[in-house]
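K.L.:
My questions concern the predicted model and sequence given below.
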Amino acid sequence: MEQRVLNRTADLDKQTQRLKETNVALEILLKKRAEDKKNLEKAIMLKVEKLISPNLEKLKMRQSETSTKALLEIIEHNLADITSSFSRQPRNYLAALTPTQIQVAELIKHGHTTKEIADILSLSPSTISCHRQEIRKRLSLSNKKISLQAALIAST
């Protein structure tokens, strides 16, 4: 009986040692993952700051057209939004929309009217209205008494 207890204790000691080794390996992998994530974030931030932002600033200074400036400011805001936090979940409503609908949705979310959006995107107000209806449909907001802007803000 004593021998069985000793054998069982030896087996448990071996298993404990293996679990400790596995935990150390997992901790190393987690540290490496966190380091890789930080490096990726730094690389993205550096590229946005050095490659994109200066060109946006130059364009904003050269453009006198209000719609072009507004569009550049929106691009700048969206880049800042992208790089502000890498841990946030992506906006879930974006997957259901086309690229043009995403543009329209972002402008709606920022409080622009249909006419302003039409001017910024060089489209007709009726086209923007169609996009608004399609966005409501794709987000299951049709026949619901909720502001599209409020729904988009809530989805972020």
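P.N.:
That came through fine.
K.L.:
remind me, longest helix of the chain?
P.N.:
Taking DSSP state H as the criterion, the chain has its longest helix at helix 2-47.
K.L.:
Work out the gap between that helix and the centre of the chain.
P.N.:
Between the mean C-alpha point of helix 2-47 and the mean C-alpha point of its chain there is a distance of 30 Å (CA atoms, centre = their mean, to the nearest Å).
K.L.:
do the same with stretch 125-144
P.N.:
Here the centre of mass of C-alpha atoms in stretch 125-144, compared against the chain's by CA atoms, centre = their mean, lies 22 Å away.
K.L.:
buried residues in it?
P.N.:
128, 131, 132, 134, 135, 136, 138, 139, 141 (16 or more other CB atoms under 10 Å). All C-beta spots, glycine's among them, are computed from the backbone N, C-alpha and C.
K.L.:
next one: stretch 45-52
P.N.:
Neighbour counts over stretch 45-52 (16+ other CB under 10 Å) mark no residue as buried.
K.L.:
in the chain, which ranges drop under the pLDDT threshold?
P.N.:
For the chain, the stretches flagged by pLDDT under 70 are 63-64, 84-94, 156.
K.L.:
try it again with 90
P.N.:
With pLDDT under 90 as the threshold, the chain has low-confidence stretches at 1-2, 37-103, 106, 110, 120-121, 137-156.
K.L.:
any idea how far residue 108 is from residue 97?
P.N.:
Counting by CB to CB, to the nearest Å, the gap between residue 108 and residue 97 amounts to 11 Å.
K.L.:
Find residues that contact each of these two.
P.N.:
Among the neighbours of residue 108, those also in contact with residue 97 (CB atoms under 8 Å, 6 or more residues apart in numbering) are residue 135.
K.L.:
quick one: which of those two has more around it?
P.N.:
The residue with more neighbours, out of residue 108 and residue 97 and counting by other CB atoms under 10 Å, is residue 108; that gives 22 against 19.
K.L.:
and the strand or helix carrying that one, which residues are buried?
P.N.:
For residue 108, the element it lies in under DSSP states H and E is helix 99-109. Buried residues in helix 99-109, counted by 16+ other CB under 10 Å: 101, 102, 103, 104, 105, 106, 107, 108, 109.
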